[in-house]
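Following is a predicted model, sequence given first.
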Amino acid sequence: MSDNNSAPALIGSSGDSLREAFGKELTRIAPEFPNLVVLDADVAGGTGVHHFRKAHPDKFIQFGIAEQNMVAAASGLAATGLIPVVTGFACFLERAYEQVRLSVGYTHRNVKIVASHPGLDVGPDGGSAQAFEDLAAFRAIAGMVVISPADPIEQVLATRAILEYDGPVYMRTGRSSAVRLFNDDHVFEIGKGQIIRHGTDVTLVACGVEVARSLQAADLLAEEGIEARVVNMATIKPIDEALLKRCVLETGCLVTAEDHNIYGGLGSAVAEAVTKHRPCPIEFVGLKDCFGTSGEPDELAEYFQITAPYIAAAAKRAMERKDRLQ
Amino acid sequence: MPICATVKETAFLDATAFPSVSAPDIEVQIAEAARFARRHLIASIYRATSGHPGGALSCADILACLFGAELNIWPSAIDDPQRDRFVLSKGHACPTLYAIGAWHGFCDKKESLNLRKLGSPFQGHPHVKDLPWVETSTGSLGQGFSVAMGMAMGLRLQKIRARVYTVLGDGEMQEGSVWETAMCSAHHKLDNFCAIIDYNKMQSDALNEDICGIAPLGDKWRAFGWEVFEIDGHDIPQILSTFHKAATTRGKPSCIIANTLKGKGVPYMEGSPAWHGSVKLSHEQAETALQALGCTADEIKEFLDV
């Protein structure tokens, strides 16, 4: 874990989307991974791997609109020593869940599943395309690593990290232009969360697009004299239990924030870890067990109450509950 | 397509590079292995008190031919990148795979009788982490076929001149992903890939045609772009000669539709979906089956005494 002592400024909001960051980095580092192959189900332009297809056509395998076949075939490709990176939209990769379970998870094959278009970040395509259960679903498969980076810099680092890791991984990217949070010296390590803003009143634990919103929430709270700590928990599994334990000891209550159902994802993973060590009040920000709808991502975030003001409100609720316990 | 671009360079080596597989002595050895497999699987399913004998018996000759003559694999080199691969996509027939594997030294004959037991690597469906030589974990119909296709792709991409074989059940044809894989294999012209369908016409509950008809099977596979061979799946010389034809087919994958008899070799099981399983065999039923398979009284005792 590397604490970043200076709270990161929001460097910009018009940066690359996470999918672009992923696709470009995968293309750039491909020569370092001679066994790398990229699998697509006719959505390369949407997942960012169109860059890879152009640069490395001999390492790009088109499966057509057939995710079940693609995921199981990835297991076979891995069995011959290749490193298959399966790409697609989160909602459609869920279609191959049983293939992930049996042919990737149970066999513990070196397959990387990288999903763009997670959660409300999908936007106008609407409820059918917005996956709010992927983190929960893939987290429940034994031995799988689950990652949701927060900004393009972290996405780039995570792209290398998953290729260097030997085992099955599910990683989210993102569709919209991403807020840049980190500097070039940012460090990403699988299984390690990071305190990216210090505070002692409450800890905001977030992943993906909710990290930027949690930092904004911390600003709102600061205006009211509340010092909120922000943790970027880019690895949902294995969750950084040591860091959570420390945050509970030092701040006494938590808020989790994710672009995902509040059931089964980051919030649940955090709650499982915290109750194991030192139970404390936790408030959960995310989709409240509902499906999405059409709209722009920012509008949707507001509509489904996962923006900074809602995170800040949740922080105050958590603090009130903490006070009642004392 | 990128993968297709390598077809010519990696076209599988000429079948003449292998010794003749049609020699009568090999056929005799294969028949002996199949007979052993049928006895062994009856014994292991009896000892397990559950299992799927019908579909295990129907594919015994096919697996005996594969391991006895076609597959370029050795127990001493199960991780050799150049080896051929075999995936039992109809994973519930694994007692046959374990028995044939034992016959050829991939596992122990006695230990592999310890089927479906806690602590035994011989699970109710094959698991590659328990037994690396089974190549992948199966038991969810359709998936083994797709994984096997991925192996064929991976070998071709790495210019490894090995072949991939997989055995599917006929009920497995009802899984939609089978046809995704069928379409994809032909699109990528995977002529290093051969699927064998154990066409015993029956599935768990009844005849295929009464559950969800799969006929005309040959026409379906031809329409999906495969080279199709329709054969008697219990005729060892015919199975072997068809493997040879499949191995010399260029530019498309091969599908061998092996017409078989469910429960083959055990008269009271033959042609009856009741023995698809998972069933518990009584001592008397197991004994009758082993007698039909030509076991002596001593052999029966050895197989069945737990």
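That came through, no problem.

Just give me the neighbour total for the residue of the stretch 1-150 of chain B found nearest chain A.
With CB to the nearest CB as the measure, B:Gly150 is the residue of the stretch 1-150 of chain B nearest to chain A, at 2.3 Å. Yep, even glycine has a C-beta here, placed from its N, CA and C like the rest. When neighbours are defined as other CB atoms under 10 Å in any protein chain shown, B:Gly150 has 35 of them.

May I ask which helix or strand encompasses it?
helix B:143-157 (DSSP states H and E).

Which residue comes closest to the residue of the stretch 1-150 of chain B closest to chain A once chain neighbours are left out?
Sequence neighbours aside, A:Gly76 is the residue nearest to B:Gly150 in space, at 2.3 Å (criterion: CB to CB, 6 or more residues apart in numbering or on different chains).

ok, for B:Ile26, nearest residue in space, not its chain neighbours?
B:Ala69 (5.5 Å).

before we move on, back to that, orientation of the helix or strand where the residue nearest to B:Gly150 lies relative to helix B:143-157 in degrees?
Per DSSP H and E: A:Gly76 is located in helix A:67-79. For helix A:67-79 against helix B:143-157, the angle by axes from the mean of the first three to the mean of the last three CA atoms, to 10 degrees is 50 degrees.

residues in contact with the nearest residue to A:Asp240 once chain neighbours are set aside?
Computed as CB to CB, 6+ apart, the closest residue to A:Asp240 that is not its neighbour in sequence is A:Gly193, at 3.9 Å. For A:Gly193, the contact set (CB atoms under 8 Å, 6 or more residues apart in numbering or on different chains) comprises A:Met1, A:Val205, A:Val231, A:Asn232, A:Met233, A:Ala234, A:Thr235, A:Ile239, A:Asp240, A:Leu243, A:Leu244.

can you list the residues you listed in TSV and add secondary structure and neighbour count?
Below are those laid out as TSV (DSSP: H, G, I helix; E, B strand; the rest coil; neighbours: other CB atoms under 10 Å in any protein chain shown):
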residue	secondary structure	neighbour count
A:Met1	coil	14
A:Val205	strand	30
A:Val231	strand	27
A:Asn232	strand	31
A:Met233	coil	26
A:Ala234	coil	30
A:Thr235	strand	25
A:Ile239	coil	22
A:Asp240	coil	24
A:Leu243	helix	21
A:Leu244	helix	26
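
tell me the least confident of the residues you listed?
Model confidence across the contacts of A:Gly193 bottoms out at A:Met1, which has 35.

in the chain, which segments are predicted with low confidence?
Went with chain A since none was named. By pLDDT under 70, the low-scoring segments of chain A are A:1-15.

look at chain B instead
For chain B, the stretches with pLDDT under 70 are B:1-23.

Recalculate using a threshold of 90.
Counting by pLDDT under 90, chain B has low-confidence residues at B:1-24, B:204-205, B:271-279, B:305-306.

Which residues of it lie near chain A?
Within chain B, the residues that sit near chain A (CB under 8 Å from any CB of the partner chain) are B:1-3, B:5, B:81, B:85, B:127-129, B:135-140, B:142-143, B:146-155, B:157-158, B:160, B:176-177, B:180-181, B:183-184, B:187.

Which among the residues you listed count as buried?
If you count burial by 16 or more other CB atoms under 10 Å in any protein chain shown, the buried members of the residues of chain B next to chain A come out as B:2-3, B:85, B:127-128, B:135-140, B:142-143, B:146-155, B:157-158, B:160, B:177, B:180-181, B:183-184, B:187.

residue contacts, the residue of the stretch 151-300 of chain B found nearest chain A?
Here the stretch 151-300 of chain B gets closest to chain A at one residue, B:Gly154, 3.2 Å apart by CB to the nearest CB. B:Gly154 sits next to A:Gly76, A:Leu77, A:Ala78, A:Ala79, A:Thr80, A:Gly81, A:Leu82 when contact means CB under 8 Å, 6+ apart.

Go again with 6 Å.
By CB atoms under 6 Å, 6 or more residues apart in numbering or on different chains, the contact set of B:Gly154 is A:Leu77, A:Thr80, A:Leu82.

Number of residues surrounding the first one?
Neighbouring residues of A:Leu77 were enumerated by other CB under 10 Å; the total is 30.

residues contacting it?
A:Pro84, B:Gly150, B:Gly154.

cutoff 10 Å now
A:35, A:37, A:39, A:61, A:83-84, A:86, A:109-111, B:147, B:149-155, B:157-158 (CB atoms under 10 Å, 6 or more residues apart in numbering or on different chains).

same thing with the last one?
By CB under 10 Å, 6+ apart, A:Leu82 lies in contact with A:33-37, A:59, A:61, A:74, A:76, A:110-111, B:150, B:153-155, B:157-158.

How far away from the center of its chain is stretch B:31-48?
Distance of stretch B:31-48 from the chain centroid (CA atoms, centre = their mean, to the nearest Å) equals 15 Å.

This completes my enquiry, with thanks.
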